[in-house]
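K.L.:
I would like to see how this sequence folds:
(chains A and B)
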Amino acid sequence: MELNSVVVTGVGTISPLGNDFSQLLDGLIAGRSGVCEITELEQVGGLRSRLGAPVKGVDPKQIPRKFRRSMSNMSVYAYLASQQALSMADYPKGQLGSGDLGVVIGSTLGSTATSENFFKDYFRDYSLERMRTGLFFQMMGHSCAANVAQSLGITGRVFAPSAACATSSQAIGHAYEQIAMGRQQAILCGGSEEFHPLTVATFDIMHAASTNFNQQPEMTPRPFDKRRDGIVCGEGCGVLLLENKISAQQRGANILAEVIGFATASDTSSIASPDVGAMAGCMQLALQDAGLTANDIDYVNAHATGTDVGDIAEAEAIAQIFSTRVPVSSLKGHLGHTLAASGALELSGCIGMLQQQQLIGTLNLDQVDERCSGIAHLQQNCSQPVRTILKNNFAMGGINTTLILRSYLND
Amino acid sequence: MTEAEVIELIDSSLAEEFELDRKDMVPEANIYEDLGLDSLDTVDMVIVLEGAFAFKIREEEAVRAIRKLEDIHHFVLSKTGQNS
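P.N.:
The predicted structure follows:
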């Protein structure tokens, strides 16, 4: 079976560094941090972390009420990012309902904020009589994907992968495979996340949230750094429009990059702790899928969240394959960990790096932890030729993913 | 509560919930065709009215017959004893 080539023609982003792709890229290149103090976290008993990387300046009321009533923030972000991606791609409006376009957008959970508000009211008297009809549509696991399809009139396949921090990488990989197999001509794919104190707590109780820099938010997270102390939870949404390369060329689309490889595999060594061999194995599978070897990769965009254990394991896994030959950085120092959105937002950053022929260094990586050495850490931005990028995302639950992106040469 | 106060509470509650323009909320306005509500909205409308007037109307047959804003006015007024 001959597989179709798959290209990226649109990018949409709502992120802690701004609410479109150019703002995201400008912020990354300028070395800005999206992390700030979240005062509401002080009210949560036992929570030590006071930080987050929130989205700012999004007005949900720009979305018609009829669509907005079923959306929590994560779906609002997904709708806006999807619109941006379609607009950047100049995707024909008449094709939205053709069945050729699908949606693969996931989230870690349905809306925790909506669940909290519902149960707060429900526990007053255990009555369902005040429950609005929009509630379920915000709490369901496929809320983002369904809301995007409904509001934009997209009638193709709709999927909603959910794999925590690997959600949007899986979504992009799944979309890539669907298009490669000819099941869809184009797919809006990515992931969305909305900030909630419970998410911070999830990491804090496992001693994986950053707590030492509450007074200096921009100094954390610190991927691979000696003083790193954990994750800072962020929010946002990244959506890519992937298209069959031939149909994109036929409609004269501006092609931004090619997706040429994907792998996802389960690490059963632990539900919470990463295994070096499993991480390396996932990267090797993606290289095989792309028909490449390690020597073909110009840059590795690491998952590296700033946790003690995760960063060491990933550095060792990357070292096994690439040694010190390939520059490596993480964008978590800028964006925090945007969880379900992280794969798509960071891959959007990688597309920007291909466009600019500039690699973006890891923010807050001042002194490399010896246990993370053995790879070529990129601590500053660096202009250099870059054609092929390998991107990792790893998730709790033992979900590993790797995507491979290549700049588009009209050959 | 006077009749006018009841009508004002109905209209302001629905305007807030469904983001309606008060100038469109004339008594003869069809809630579907003129005010743009749909079947999900009518379920929520019942919850809004129950909250505003502290009564239970979910099981009332008359609710299903509502088409115009004035139908809501008349129905609520009958429930609150101002009208029949």
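K.L.:
Indicate the residue of chain A located nearest to chain B.
P.N.:
residue A:133 (4.4 Å; C-beta to the nearest C-beta). The way it works is simple: take the backbone N, C-alpha and C, and place the C-beta from them, glycine included.
K.L.:
How many residues are close by that residue?
P.N.:
16 (other C-beta atoms under 10 Å in any protein chain shown).
K.L.:
How about the one 4 residues further on?
P.N.:
Close neighbours of residue A:137, defined as other C-beta under 10 Å, add up to 22.
K.L.:
now do residue B:40
P.N.:
Residue B:40 has 15 nearby residues by other C-beta under 10 Å.
K.L.:
Could you confirm it falls within a strand?
P.N.:
No. Counting by DSSP: H, G, I helix; E, B strand; the rest coil, residue B:40 is not part of a strand but helix.
K.L.:
wait, what's in contact with it?
P.N.:
A:69, A:133-134 (C-beta atoms under 8 Å, 6 or more residues apart in numbering or on different chains).
K.L.:
same thing but 7 Å
P.N.:
residue A:133 (C-beta atoms under 7 Å, 6 or more residues apart in numbering or on different chains).
K.L.:
cool, and residue B:29?
P.N.:
B:35, B:68-69 are the contacts of residue B:29 under C-beta under 7 Å, 6+ apart.
K.L.:
Can you get me a residue count around the closest residue to residue A:89 other than its chain neighbours?
P.N.:
Closest residue to residue A:89 apart from its sequence neighbours, by C-beta to C-beta, 6 or more residues apart in numbering or on different chains: residue A:10 at 3.2 Å. For residue A:10, the neighbour count with other C-beta under 10 Å is 26.
K.L.:
ok, residue A:10 touching residue A:85?
P.N.:
Yes. In terms of C-beta atoms under 7 Å, residue A:10 counts as a neighbour of residue A:85; the distance is 3.7 Å.
K.L.:
Could you name the helices and strands sitting against the helix or strand of chain B with the lowest mean pLDDT?
P.N.:
Within chain B, no helix or strand scores below helix B:61-64, which has a mean of 90 by mean pLDDT, DSSP states H and E. Applying 3 or more C-beta pairs under 7 Å, 6 or more residues apart in numbering or on different chains; DSSP states H and E, we find helix B:61-64 packed against no helix or strand.
K.L.:
Compute the first-to-last residue distance for stretch B:61-74.
P.N.:
14 Å (C-alpha to C-alpha, to the nearest Å).
K.L.:
Tell me the gap between it and the middle of its chain.
P.N.:
7 Å (C-alpha atoms, centre = their mean, to the nearest Å).
K.L.:
same deal with stretch B:42-61?
P.N.:
That offset, for stretch B:42-61, works out to 9 Å (C-alpha atoms, centre = their mean).
K.L.:
So what touches it?
P.N.:
So stretch B:42-61 is contacted by A:129-130, A:132-133, B:9, B:13-14, B:17, B:63, B:76, B:79-80 (C-beta under 7 Å, 6+ apart).
K.L.:
And for stretch B:17-25?
P.N.:
A:65, B:11, B:14-15, B:34-35, B:37, B:41, B:44, B:48, B:69.
K.L.:
same question, stretch A:329-336
P.N.:
Under the contact criterion C-beta under 7 Å, 6+ apart, stretch A:329-336 has outside partners A:15-17, A:27-28, A:32-35, A:52-53, A:221-223, A:232-234, A:301-302, A:304-306, A:345-346, A:349, A:359-365, A:378.
K.L.:
Quick check: end-to-end length of that stretch?
P.N.:
14 Å.
K.L.:
Now do the buried residues in it.
P.N.:
Within stretch A:329-336, the residues that qualify as buried are A:329-336, counting by 16 or more other C-beta atoms under 10 Å in any protein chain shown.
K.L.:
same check, this time on stretch A:61-74
P.N.:
A:63, A:66-74.
K.L.:
List phi and psi for the closest residue to residue A:121 other than its chain neighbours.
P.N.:
Leaving out its chain neighbours, the residue that sits closest to residue A:121 by C-beta to C-beta, 6+ apart is residue A:130, at 5.9 Å. Main-chain torsions, residue A:130, degrees, to the nearest 10: phi -100, psi 10.
K.L.:
One more: the one 3 residues further on?
P.N.:
Here the main-chain torsion angles of residue A:133 (degrees, to the nearest 10) amount to phi -70, psi -20.
K.L.:
ok so, going back, any chance you could list residues touching both of residue A:10 and residue A:85?
P.N.:
Common neighbours of residue A:10 and residue A:85 (C-beta under 7 Å, 6+ apart) are A:240-241.
K.L.:
ok, residue A:142 touching residue A:160?
P.N.:
Yes. The criterion here is C-beta under 7 Å, and residue A:142 meets it with residue A:160 at 3.4 Å.
K.L.:
could you pull out the helices for the chain?
P.N.:
Unless you meant another one, I'm taking chain A. Counting by DSSP state H, chain A has helices at residues A:21-30, A:65-68, A:73-89, A:112-125, A:134-139, A:143-152, A:167-180, A:197-204, A:245-250, A:276-290, A:308-322, A:332-335, A:342-356.
K.L.:
could you do chain B instead?
P.N.:
B:3-18, B:39-53, B:61-64, B:69-80.
K.L.:
okay, those helices in TSV with distance to residue A:156 next?
P.N.:
Output for those, formatted as TSV (distance: least, C-beta to C-beta, whole Å):
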stretch	distance to residue A:156
helix B:3-18	31
helix B:39-53	24
helix B:61-64	36
helix B:69-80	39
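K.L.:
Those helices: lowest mean pLDDT?
P.N.:
Mean pLDDT across these is lowest at helix B:61-64; the value there is a mean of 90.
K.L.:
buried set for that helix?
P.N.:
residue B:63.
K.L.:
go on, stretch A:127-137?
P.N.:
Here stretch A:127-137 shows A:132-135, A:137 as buried, counting by 16+ other C-beta under 10 Å.
K.L.:
Now the terminal residues of that stretch, how far apart.
P.N.:
For stretch A:127-137, the end-to-end distance is 19 Å (C-alpha to C-alpha).
K.L.:
roughly how far out does that stretch sit from the chain middle?
P.N.:
On C-alpha atoms, centre = their mean, the centre of stretch A:127-137 falls 30 Å from that of its chain.
K.L.:
Also stretch A:387-402?
P.N.:
10 Å.
K.L.:
For residue A:346, which non-adjacent residue is spatially closest?
P.N.:
residue A:331 (4.8 Å).
K.L.:
Skipping adjacent residues, who's closest to residue A:112 in space?
P.N.:
For residue A:112, the spatially nearest residue (C-beta to C-beta, 6+ apart) is residue A:196, at 4.2 Å.
K.L.:
Alright, that wraps it up for me.
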